[in-house]
Structures are given as C-alpha cells and as structure tokens.
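> got a sequence here, can you build the structure:
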Amino acid sequence: MDKPESPAAVLKPLATLECDLAVSHWGTYEVQRKGDASTLQPWREDADPSPIGLAMMDAYRSPLRVTRPAVRAGWLKDRSTMGRGHEAFVEVSWDVAHELVAEELKRVTRTFGNEAIFGGSYGWSSAGRFHHAQSQVHRFLNAIGGYVRHMDSYSLGAARVLMPHIVAGMDETQFREAARTFGTWNTPLRYDPMPTLRALDTPQLWVLGAADLDAPSAETARRLRGLAAEGKQISSVTFPGAEHGITEFEEKNGERVDTHFSAGYFQLIVDWLLFKETKVGVQGPLVYRGREATPSAHVR
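Numbers count the residues shown, from 1 in each chain. Okay, here's the model as predicted:
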C-alpha cells in the first residue's frame, strides 16, 4: 500500500515576492510604491481577494482621518459644557490627552463613584486581541475600580432582547423552558400544519428548492402531493438545483455562494398570479398540478 504524501509535501510553494505585503482583517495585499505614493494591489497568491482592503490607503490619506487627540475648545479652556455640538475641537499632544483623561476619571470617581463611568468604545478593530479597543478600555477601567458596561451588541443583542417576547429566549435554558409553546399564541413547537391545509379550499402554488438546507423540501413535497391526491387545489414546482430562496449556487471553500435565481422562477410566479397556471419555460423542474399526483417536466 502506497504511503500517502504529507500535507506539507503537496502544498504549492509560494513565489518569492519583490515587494512588501500588508496583512489586514480583510486579507493580504501587495504594496506598490511609485515615488512618494503607495497603492495596494491584491496579493497574487490570493485566488479570491476582497476589494474592501484596497481602500485602506485612501482612508489613511483622507483629510477626515483623526490623526491626533482633539479636545473641544471650551472644555479645554475652563471645562465648559456649553459648547457641545457646535464648538470647534483643538488638537493636543498625547501627554496632554493622558493628563486630561486621568484628571477627569479621578474627579468622576471621587464625586460620583465608579458606577458613573460608562465603559463604551463599542466597535470594530483590527485583527488580534491586543488591538481590540473595547477589551483594552474594559481592562483599564477594571484596574481603577470598575465601571458600567453594556450587554450584547447591536446585532445579536437585539435578538437577545426581543426574542423572549416573540418566540423564546436565545439561551438554551430559556429555550427549553419555552419549547412547549411559542409566545402567547399557544402554538406547540411540534405544530402539525396538515389539518389546516386540508381545511383550505383555496388554489395554492408551492415553489420549492430541492437543494434547500434551511427547510429541506422532500418531506414538504411528499405531503403536498398527498393533499393534491385528496383533491386539494395544490400545485407545486420543485427546482432541482435551487436552495431556499430559489437561487442557484456554487460551492467555494465549503460554502454556498448564490449566483442567480433559477431559470423560469419569475415567469412561473407571473403566470400563476395572472392565469393560475403552472408553466415553466425550461427543462428540469418537477411540476405537480392540482389534483394530478404525477410529476412531469413541463416546457411551455
């Protein structure tokens, strides 16, 4: 039996580069210098470079970039709070900025206590934990006695706050407690839609993607065919290469990347709305019409 090659043996050697590299959160880029100007180009070994990082040099040179600490003029002069929102800012040295912040922290904790300090600085930062601004601020404020912090974030945090009032809490213990019912509608977690669908006598069109991972379509299609066989006005169309949004996709690095909507999808919707007809103008999709339980590939 042949001995398999080690992973290191099959790696493609990288070409020697006669340039500098800039490594960032968005990837690696080549630094191209021409005179006093520098630009970034995608690294030649990156098969799918992100265009975001190419703008880093523009941001670095932008006149809007804050390059030094700046303090509102009135507050710098006599600690006035009256000029907020309209007063100019004055640049100061880092030493002066450090002294101002230290004096203010001492004043606030001495007068109001550490609970009067809000440790914010929420936001992005470069890759690497030391450069994570929020962590550095929180560690520093903990070292002087503590502070008031925020919980969660502007994205997942919204779900943690809202979901307990809509469906169930995000944490596993909360979800297990609420798993028997959803919210105030008293809908069981294992809700069976079949009695409701059997009670409907309205024409229905169901459009499914055979490659749907969010809501696998095979069981849905089987039940719909059963309802159609019972005489219900149900038509269904299954696009073989589509996922949940009826989009086709490519596999890249183990992930799906949507490329386009399935051919015939939009025309199918228009025909159904106007004529209640399940016409598909391409080969491939499986069409089940009304009371007919036999699949067919229908070409208009």
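> contacts for the lengthiest helix in the chain, please.
With secondary structure taken from DSSP state H, the chain has its longest helix at helix 94-112. Contact with helix 94-112 is made by 68-69, 71, 76, 92, 116-117, 144-145, as judged by C-beta atoms under 8 Å, 6 or more residues apart in numbering. Placement of C-beta: from N, CA and C, glycine included.
> what comes up buried for it?
100, 105, 109 (16 or more other C-beta atoms under 10 Å).
> now swap in stretch 198-216 and tell me
204-212.
> looking at the residues you listed, spot the one nearest G241.
A211 (6.1 Å; C-beta to C-beta).
> count residues in the vicinity of the residue lying closest to that closest one once chain neighbours are set aside, would you?
Leaving aside its chain neighbours, A211 sits nearest to E243 (5.0 Å; criterion: C-beta to C-beta, 6 or more residues apart in numbering). When neighbours are counted by other C-beta atoms under 10 Å, E243 registers 20.
> hmm, back to that, mean confidence score for the longest helix of the chain?
Averaging pLDDT along helix 94-112 gives 96.
> following it, which helix or strand comes up?
Using DSSP states H and E, the helix or strand that directly follows helix 94-112 along the chain is helix 133-143.
> tell me the buried residues in that next one?
Neighbour-count burial for helix 133-143 [16+ other C-beta under 10 Å]: 134, 137-138, 141.
> any chance of JSON lines for those, columns pLDDT?
Listed next are these as JSON lines, based on pLDDT from 0 to 100:
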{"residue": "Q134", "pLDDT": "76"}
{"residue": "V137", "pLDDT": "85"}
{"residue": "H138", "pLDDT": "86"}
{"residue": "L141", "pLDDT": "93"}
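> now do the strand or helix carrying W272: which elements does it pack against?
Assigned by DSSP H and E, W272 belongs to helix 265-275. Judged by 3 or more C-beta pairs under 8 Å, 6 or more residues apart in numbering; DSSP states H and E, helix 265-275 is in contact with strand 204-209, strand 234-239.
> any chance of JSON lines for these, columns mean pLDDT?
Below are these laid out as JSON lines (pLDDT from 0 to 100):
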{"stretch": "strand 204-209", "mean pLDDT": "92"}
{"stretch": "strand 234-239", "mean pLDDT": "90"}
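> hang on, D214 packs against A242?
No - counting by C-beta atoms under 8 Å, D214 stays clear of A242, with 11.8 Å between them.
> what's in contact with the helix or strand that contains P195?
Assigned by DSSP H and E, P195 belongs to helix 194-199. With C-beta under 8 Å, 6+ apart as the test, helix 194-199 has contacts from 223, 227, 230, 232, 234.
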